[in-house]
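Peer 1: With the sequence up front, the predicted model follows.
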Amino acid sequence: MTASNGAGRVGVLALQGDVREHVRALAELGAAPVEVRTPANLAAVEAMVLPGGESTTMSLLLESSGLLEPLRGRLRDGMPVFGTCAGMILLAADVLDGRPDQHRLGAIDIAVRRNAFGRQVDSFETDLAVAGLDWPFHAVFIRAPVVESVGPGVEVLSSLTGTDGVARPVVCQQGPVLVTAFHPELSHDLRLHETFLARAGTAPMPCQATQEEA
Amino acid sequence: MALERVPADIRRDGGVARMSDPALIEGIKAAVTIPVMAKARIGHFAEAQVLESLGVDYIDESEVLTPADEVNHIDKWAFTIPFVCGATNLGEALRRISEGAAMIRSKGEAGTGDIKEAVRHLRAINSDIRRITQTDPAERYAWAKQLQASVALVQELAESGHLPVPLFCAGGIATPADAALVMQLGAEACFVGSGIFKSSDPARFARAIVEATTHYRDPQIVAKVSRGLGEAMRGEESSTVETRLADRGW
């Protein structure tokens, strides 16, 4: 299935969370995003965004909607995917402090800790240097997870030093999988979505990308 | 939501309804890994200070509790914790946003299991938003006057076509189809309390309403989760209730 511009369709997992913000960001880049709630929706996309939200809720809904196994299959087959905040937790190989019955998609070899920065009042915004981006990205962390450890095949694109003085990864990629601990969809900065689309081979027309950078 | 009694019980018991015991709120926080919200009385900023100190994730300045101030709501800008506030119409929603509310929920009529007030409030908010998007700039001052709301917020609404904060729906949702209805009317999420706990099987009802909220545009899924679900809360027709909670707040 292809979009009108000839590129593959991008889906946004629309079970719970800030779906609308991701749809808006992708649409601004000309990607004609599709909301994915069912296996039939999933079959129609070539790449996926897993949004922020609440990871245990999304885990339950992945199972009840019949998406869990088809999604696992697509990830095994190398479908490009971008997970933000709760989406990063879902994609991780290991979840520390999760619920024991929480599903792990295991698409990227990282161990994450949920709510690592504390509760809602501990949420914060900060400017992050991200490898591959020319200037810092303004990152919004909301009850955010952190990456506690990464496997050998994982590339760390950005890290954040915590109050304990330890720098932990907050942007990682491994093959077709890109994850952020924060919410790039809330920053009115499309560069990480653009990076994902370019890597996924579903990039918008080059002229649009150029205008976006200008 | 950390709450000692669901609205249906608060309604039945009468008396003054207040913030929950901190021990109960702490117990709920310790028992779950998802965000926890707790209610403060309208205008009761000291209750809100206590809730903030307990580290709850959000505060609901709620008409379900007995109001503490008949003129003023809490100055929510004085807090770092996000607040949700109820609204029956667009003017009320914009006044709460001016006071610092980070989320709005349509009030409905809590504890009745009757959806019609929720529908009335959602339609009132969204139909006025649609009208404002059709105005020319000169007309927006009169709209602000009529809504008793800030001109800047009315101007922003006219350009964006939606509230600057999320719009939830609460009050009277009792079935999966109720959830699908309010989501299709423009709610971004639902709050359900009595509708779950006063049903014949709260765990099943909770799961079914969550699934219907996710798949709100798919009647086959709403039918599937509704099939053999058991009895919804008996409820009370909203026009016959003695105390209309939605009338609290100004």
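Peer 2: Received it, and whenever you're ready, just let me know what you need. Numbering: from 1, shown residues only, chains lettered A, B, ... in the order given.
Peer 1: And whichever strand or helix holds residue B:124, what does it pack against?
Peer 2: Residue B:124 belongs to helix B:116-133 when assigned by DSSP states H and E. If contacts are counted by 3 or more Cβ pairs under 8 Å, 6 or more residues apart in numbering or on different chains; DSSP states H and E, helix B:116-133 sits against helix B:90-98, strand B:103-106, helix B:140-147, helix B:151-160, strand B:167-169, helix B:176-184. Every residue, glycine included, has its C-beta placed from N, CA and C.
Peer 1: Dump these to TSV, plus distance to residue B:27, mean pLDDT and mean neighbour count.
Peer 2: TSV is the format used below for the helices and strands packed on helix B:116-133 (distance: least, Cβ to Cβ, whole Å; pLDDT from 0 to 100; neighbours: other Cβ atoms under 10 Å in any protein chain shown):
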stretch	distance to residue B:27	mean pLDDT	mean neighbour count
helix B:90-98	30	98	23
strand B:103-106	25	97	27
helix B:140-147	41	98	16
helix B:151-160	39	97	17
strand B:167-169	25	97	23
helix B:176-184	28	98	22
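Peer 1: In JSON lines: these, plus distance to chain A.
Peer 2: As requested, these are arranged in JSON lines below (distance: least, Cβ to the nearest Cβ, whole Å):
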{"stretch": "helix B:90-98", "distance to chain A": "18"}
{"stretch": "strand B:103-106", "distance to chain A": "12"}
{"stretch": "helix B:140-147", "distance to chain A": "24"}
{"stretch": "helix B:151-160", "distance to chain A": "11"}
{"stretch": "strand B:167-169", "distance to chain A": "12"}
{"stretch": "helix B:176-184", "distance to chain A": "12"}
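Peer 1: wait, what's in contact with residue B:140?
Peer 2: B:132, B:151, B:154, B:155, B:158 (Cβ atoms under 8 Å, 6 or more residues apart in numbering or on different chains).
Peer 1: how about these, which pair is most distant?
Peer 2: Spatial extent of the contacts of residue B:140 (Cβ to Cβ) is set by the pair B:132 and B:151 at 11.8 Å.
Peer 1: Give me the phi and psi for the residue most central in space within chain A.
Peer 2: Note on chain A: the residue nearest the mean C-alpha position is residue A:83, at 1.6 Å, using Cα atoms, centre = their mean. Phi and psi for residue A:83, reported as degrees, to the nearest 10, are phi -110, psi 130.
Peer 1: same deal with residue A:111?
Peer 2: Main-chain dihedrals, residue A:111, degrees, to the nearest 10: phi -110, psi 130.
Peer 1: Likewise for the one 5 residues further on?
Peer 2: Backbone torsions for residue A:116, taken as degrees, to the nearest 10, come to phi -70, psi -30.
Peer 1: Just list whatever residues bridge to the nearest residue to it once chain neighbours are set aside.
Peer 2: Distances taken as Cβ to Cβ, 6 or more residues apart in numbering or on different chains place residue A:146 nearest to residue A:116, at 4.1 Å, with adjacent residues excluded. Taking DSSP bridges as the rule, residue A:146 bridges to residue A:113.
Peer 1: residues near residue A:146, how many?
Peer 2: Look at residue A:146: counted by other Cβ atoms under 10 Å in any protein chain shown, it has 23 neighbours.
Peer 1: Determine how far the helix holding residue B:124 lies from the middle of the whole chain.
Peer 2: Distance of helix B:116-133 from the chain centroid (Cα atoms, centre = their mean, to the nearest Å) equals 14 Å.
Peer 1: what angle sits between that helix and helix B:176-184?
Peer 2: Using axes from the mean of the first three to the mean of the last three Cα atoms, to 10 degrees, the direction of helix B:116-133 lies 10 degrees away from that of helix B:176-184.
Peer 1: Quick one: the helices in chain B, in order.
Peer 2: Assigned by DSSP state H, chain B shows helices spanning B:7-13, B:22-31, B:45-54, B:90-98, B:116-133, B:140-147, B:151-160, B:176-184, B:194-197, B:202-214, B:219-226.
Peer 1: cool, chain A as well?
Peer 2: Along chain A, the segments classed as helices by DSSP H run A:19-28, A:39-43, A:55-64, A:68-76, A:86-91, A:191-200, A:206-213.
Peer 1: hang on, residue A:22 packs against residue A:186?
Peer 2: No. Between residue A:22 and residue A:186 there is no contact, the gap being 9.8 Å when judged by Cβ atoms under 8 Å.
Peer 1: who's more crowded, these two?
Peer 2: residue A:22 (29 against 19).
Peer 1: Model confidence score at that one, please.
Peer 2: Per-residue pLDDT puts residue A:22 at 96.
Peer 1: which non-adjacent residue is nearest residue B:125?
Peer 2: residue B:90 is the one closest to residue B:125 (Cβ to Cβ, 6+ apart), at 5.0 Å.
Peer 1: wait, what's in contact with the residue lying closest to residue A:87 once chain neighbours are set aside?
Peer 2: In space, and not counting its chain neighbours, residue A:87 is closest to residue A:50: 3.0 Å by Cβ to Cβ, 6+ apart. Residues in contact with residue A:50, defined by Cβ under 8 Å, 6+ apart, are A:13, A:58, A:81, A:82, A:83, A:84, A:86, A:87, A:88, A:90, A:91.
Peer 1: Residues of chain A that sit close to chain B?
Peer 2: Neighbours of chain B within chain A, by Cβ under 8 Å from any Cβ of the partner chain: A:14-16, A:20, A:37-38, A:54, A:56-57, A:60-61, A:64-65, A:97-99, A:114-115, A:119-121, A:143.
Peer 1: If we use 10 Å, what do you get?
Peer 2: Proximity of chain A to chain B (Cβ under 10 Å from any Cβ of the partner chain) is limited to residues A:14-16, A:18-20, A:35, A:37-38, A:54-58, A:60-61, A:64-65, A:97-99, A:102, A:114-115, A:118-123, A:142-143.
Peer 1: Thanks a lot, catch you later.
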